Each structure stands twice: as structure tokens, then as C-alpha cells.
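Undergrad: give me a model of this one.
(one chain, ligands or ions: 1)
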Amino acid sequence: MENRKFTVSSFLKAKKSNEKISMLTAYDYSMAKLLDEAGVDSLLVGDSLGMVILGYENTLQVTVDDIIHHCKAVSRGVKRSMVIGDMPFLSYHINVEESVRNAGRLVQEGGAHAVKLEGGREVIDKIKAIVNAQIPVIGHLGLTPQSVNILGGFKIQGKDEKQARKIIEDALMLQDAGVFAIVLECVPEMLAKIISEKLQIPTIGIGAGKHCDGQVLVTQDMLGMYTDFVPKFVKQYLNLCGSIKESTKKYIEEIKEGKFPANEHSFSIDDETLRKLY
Ligand code: KIV
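TA: Residues are numbered from 1 along each chain as shown. From the prediction side, this is the model:
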């Protein structure tokens, strides 16, 4: 792993040299620091924070202020990874001006290096304007969770020819509009392969198989610490839920038994001062 900062050109260079890009979500300082130190190329302050951090049913209630708040914390923890701020529902749907302003806030206030937004042809004008404002943009196609009510649930996309062709066309349109990468979520592996081969910019897959140019997972899924809903595409590299519950049980037990805190966790006072206090 190089120590140099991972930038937009690193994304493009990785695509050219066939090096896979790693991305994870992050929402707070201490986790961002750990993931950055472990060498992840980019950290997405995803609107998934609505579900995994704030406990909402979906991502629709997340606001620009929420993302900025978490972006600030993540940016403070990062030395090398590229921080991407996710544009939440309604922050780029009203008009071009609002979209640019909101993208700008993620950069200016949140410290994000780039933004991500969902959708294809219907958001092209917003993407062009944000790129024109010198803000790097990542696209997001396939299962776009902000459209959950239109899609009728969190379902795989692009299974039939019409849908698949639309996703391919949208990917090419996003590339022409100036995005520097595209997240492909929950699409068949071979569709992701076709798209990855057609594009000059990298694809970052989540539930899109091994042919994408990079992969992203929600960190809480990857570490096994969010179990409300575990999609098929998640690989749990750790069972943090188990470890956290076990450690917490031990902590409670030791408090009850008077084993914690022990001498090494306590502060002393000299005997003479102590005597005066009695
Ligand atoms: O919000 C998010 O975390 C995302 C990723 C899962 C791609 O959009």
C-alpha cells in the first residue's frame, strides 16, 4: 500500500492498471482512523448511516446536515483514504442550484473530497453542474436505496433485457457527464462485467460480483455488527456482535462482583492528605 493520498487520479490509475479499489463506509472518527490505518482506499460517509447508525427503516430520512456531521468526524480521522460524502434523498432532486449548493456543503463544511449521488439520466443535469463546480462525483446505479418506494423494496436490478440495457446506457451517460467512478449495487455479476468493460472509469460493486474494478461494503455489515438485515452479498469478516455482547456481559458481571475497577484502574491520594479528610 502506498502512503500517498488516494485521489480521483488514483481511481483512474487503478482502473488502467487493473488494481482493485477498496471502499468501506465510515461514519465516525475512531472507525475512520482504524480503516484508514488499515489501508482502505476510500471511505464513504453513506446515507446508510440512517439505518446502521440512526436506526431508521431506510435511508430517506437522512439530511444534508446529518451527512455533514458524520463527514466532519470521518475527515478528522483520515490521512490517506479519499472521503466521499453521500448526497441524501432530496438534496439533489429539486433543482440544479440546490444540488450544487448541497454538494458544496459536503465538501466545504464536511471536508469530503468527493460526493456520490444515485440515479442515471434523470440526474445528469445535476451531475454536470456539480462537476462544473469542481466537485468530483461518483454515480450510483442498479439498486438505488433512495428509490426504495418506487422499486418496491431492496431488490436486485437489471435482471431483464430492458432494465439491463437501461443501466448500461445510464452508466455511459454518467461517464459522459463527468463522474469519476460508478457504484453498481445489486446487479447480476455478468451485467456488472459488461458495464465495467465498456467504461473507462472504475465501477465499485456492492452485490455486483467480482468483475467490478473495486468493492464497497457497509463496515458494520463487514464486521458483523449490524444484524437487522444482512443481504446475501455481505461477507462478515468478523462477528463483532458476538464479541461486543460477550465483553459487555463480562463488564456487567465484574461490576456486580466488585472486580472492576481494580487497583490499576484507580487513582491514589497520599495518606497524610487522606487522614485530614476523615
Ligand atoms: O449509503 C451507502 O452506504 C451506500 C453504499 C452501500 C454504496 O450507498
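Undergrad: residues making contact with the helix or strand of the chain with the lowest mean pLDDT?
TA: In the chain, no helix or strand scores lower on mean pLDDT, DSSP states H and E than helix 148-151, which sits at a mean of 92. Residues from elsewhere that reach helix 148-151, judged by C-beta atoms under 8 Å, 6 or more residues apart in numbering: 58-60, 143-144, 154, 157. (Glycine included, C-beta is placed from N, CA and C.)
Undergrad: PyMOL command to pick out the buried ones of those residues?
TA: Of the contacts of helix 148-151, the buried ones can be selected in PyMOL as follows, counting by 16 or more other C-beta atoms under 10 Å:
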select buried, resi 58+59+60+143+144+157
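Undergrad: out of the contacts of helix 148-151, which are close to the ligand?
TA: Applying C-beta under 6 Å from any ligand atom to the contacts of helix 148-151, one finds that nothing falls near the ligand.
Undergrad: now do the strands in the stretch 151-278 of the chain.
TA: Residue ranges of the strands in the stretch 151-278 of the chain, as given by DSSP state E, counting those that start in this stretch, are 181-185, 203-206, 214-217.
Undergrad: burial check on the residue of the stretch 1-150 of the chain found nearest the ligand, number of neighbours?
TA: The ligand sits closest to Gly46 of the stretch 1-150 of the chain, with a gap of 2.3 Å, by C-beta to the nearest ligand atom. Residues near Gly46, counting by other C-beta atoms under 10 Å, number 31.
Undergrad: ok, now Val148?
TA: Neighbours of Val148 under the rule other C-beta under 10 Å: 17.
Undergrad: same thing with the one 5 residues further on?
TA: Gly153 sits with 8 neighbouring residues when counted by other C-beta under 10 Å.
Undergrad: how near is it to Met51?
TA: 14 Å (C-beta to C-beta, to the nearest Å).
Undergrad: do Ile150 as well
TA: Ile150 is 18 Å from Met51, by C-beta to C-beta.
Undergrad: more neighbours: the two, which one.
TA: Each of Ile150 and Met51 has its neighbours counted (other C-beta under 10 Å); Met51 has more, 21 against 7.
Undergrad: hang on, isn't the more buried one packed against Val62?
TA: No. Look at Met51 against Val62 with C-beta atoms under 8 Å: they stay out of range, at 9.0 Å.
Undergrad: who's the closest spatial neighbour of Asp213, skipping the chain neighbours?
TA: Among residues not flanking Asp213 along the chain, Pro202 sits closest, at 3.5 Å (C-beta to C-beta, 6 or more residues apart in numbering).
Undergrad: quick one: pLDDT of that neighbour?
TA: The model reports Pro202 with a pLDDT of 98.
Undergrad: and if you look at the one 3 residues further on?
TA: Looking at Gly205, its pLDDT reads 98.
Undergrad: identify the residues contacting it.
TA: Gly205 makes contact with 183-185, 192, 211-212, 214-216, according to C-beta under 8 Å, 6+ apart.
Undergrad: quick one: it from the ligand, how far?
TA: The spacing between Gly205 and the ligand, counted by C-beta to the nearest ligand atom, to the nearest Å, is 9 Å.
Undergrad: tell me how far that residue lies from Ile244.
TA: Applying C-beta to C-beta to Gly205 and Ile244 gives a distance of 28 Å.
Undergrad: kindly report the same for Gln236.
TA: According to C-beta to C-beta, Gln236 stands 14 Å off from Ile244.
Undergrad: more neighbours, these two?
TA: Between Gln236 and Ile244, Gln236 has the larger neighbour count (other C-beta under 10 Å), namely 16 against 13.
Undergrad: my guess is that one contacts Tyr226, does it?
TA: No. In this structure, Gln236 is not within contact of Tyr226 by C-beta under 8 Å, at 9.9 Å.
Undergrad: please identify the buried residues of stretch 94-109?
TA: Buried residues in stretch 94-109, counting neighbours by 16+ other C-beta under 10 Å, are found at 99-103, 105-107, 109.
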